[in-house]
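A.B. asks: Can you look at this prediction? I've put the sequence above it.
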Amino acid sequence: GNSVTQMEGPVTLSEEAFLTINCTYTATGYPSLFWYVQYPGEGLQLLLKATKADDKGSNKGFEATYRKETTSFHLEKGSVQVSDSAVYFCALITGSGNTGKLIFGQGTTLQVKP
Amino acid sequence: DAGVIQSPRHEVTEMGQEVTLRCKPISGHNSLFWYRQTMMRGLELLIYFNNNVPIDDSGMPEDRFSAKMPNASFSTLKIQPSEPRDSAVYFCASRKSDQPQHFGDGTRLSIL
């Protein structure tokens, strides 16, 4: 079946460090891929998305490229800030017109220290 | 621009009591989702509706849980009777057609 696997956290970085959070997926067909972010005490917010192979989603300095050959969608940021501390979820959706349900990874906690 | 609105934000009650969580989706959105989040199991989809009709309730843990969507602007998730293991954060999300989901801020439920 469809599934998403993320690297385990917590990931602890110093401010201005480079960030990579790995995400791989298993899916039938051609899923759309997403990264969501959850700040403490809040719900999940869409961070970026990619809907087909080789697409690059980007937002707020974060990027992720849809790699069909490696079934991956790794999240990267060149220089993290303390305010980026949150839980990051990789997710996919399949089905006609992407109207099905989201399949989430287990989440990766990022802690950025000043 | 109001987002998904959930109430209450926090609920503390004794086991055996009935609990009702409420959600108002974003106006114009035609799909609604209920999730549960715990440290042990992460984020779980409980049920989702398209155009007020339940499509997939396979994530509802047992008969004590029920969800309704009487109209396009309101949904409830009910637990009766509640148990301590139901303690979690419950999220509602809504979506328009094939657009990404928008999440509410959640209800933090504690069953004593």
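C.D. replies: Noted; the coordinates are in hand.
A.B. asks: Any stretches of chain A with poor pLDDT?
C.D. replies: Scanning chain A for pLDDT under 70 picks out the ranges A:95-99.
A.B. asks: Which stretches in chain A count as strands?
C.D. replies: Along chain A, the stretches classed as strands by DSSP state E are A:3-6, A:11-14, A:19-21, A:23-26, A:32-38, A:44-50, A:56-59, A:62-65, A:75-77, A:86-93, A:102-104, A:108-113.
A.B. asks: Make a markdown table from these and add distance to chain B to it.
C.D. replies: Just so you know, the C-beta spots here come from the backbone N, C-alpha and C atoms, and that holds for glycine as well. Listed next are those as a markdown table, based on distance: least, Cβ to the nearest Cβ, whole Å:
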| stretch | distance to chain B |
| --- | --- |
| strand A:3-6 | 10 |
| strand A:11-14 | 17 |
| strand A:19-21 | 15 |
| strand A:23-26 | 14 |
| strand A:32-38 | 7 |
| strand A:44-50 | 5 |
| strand A:56-59 | 11 |
| strand A:62-65 | 14 |
| strand A:75-77 | 16 |
| strand A:86-93 | 7 |
| strand A:102-104 | 5 |
| strand A:108-113 | 11 |
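A.B. asks: Pipe those into a markdown table and attach mean neighbour count per row.
C.D. replies: Output for the strands of chain A, formatted as a markdown table (neighbours: other Cβ atoms under 10 Å in any protein chain shown):
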| stretch | mean neighbour count |
| --- | --- |
| strand A:3-6 | 18 |
| strand A:11-14 | 14 |
| strand A:19-21 | 18 |
| strand A:23-26 | 19 |
| strand A:32-38 | 24 |
| strand A:44-50 | 20 |
| strand A:56-59 | 14 |
| strand A:62-65 | 20 |
| strand A:75-77 | 19 |
| strand A:86-93 | 24 |
| strand A:102-104 | 22 |
| strand A:108-113 | 16 |
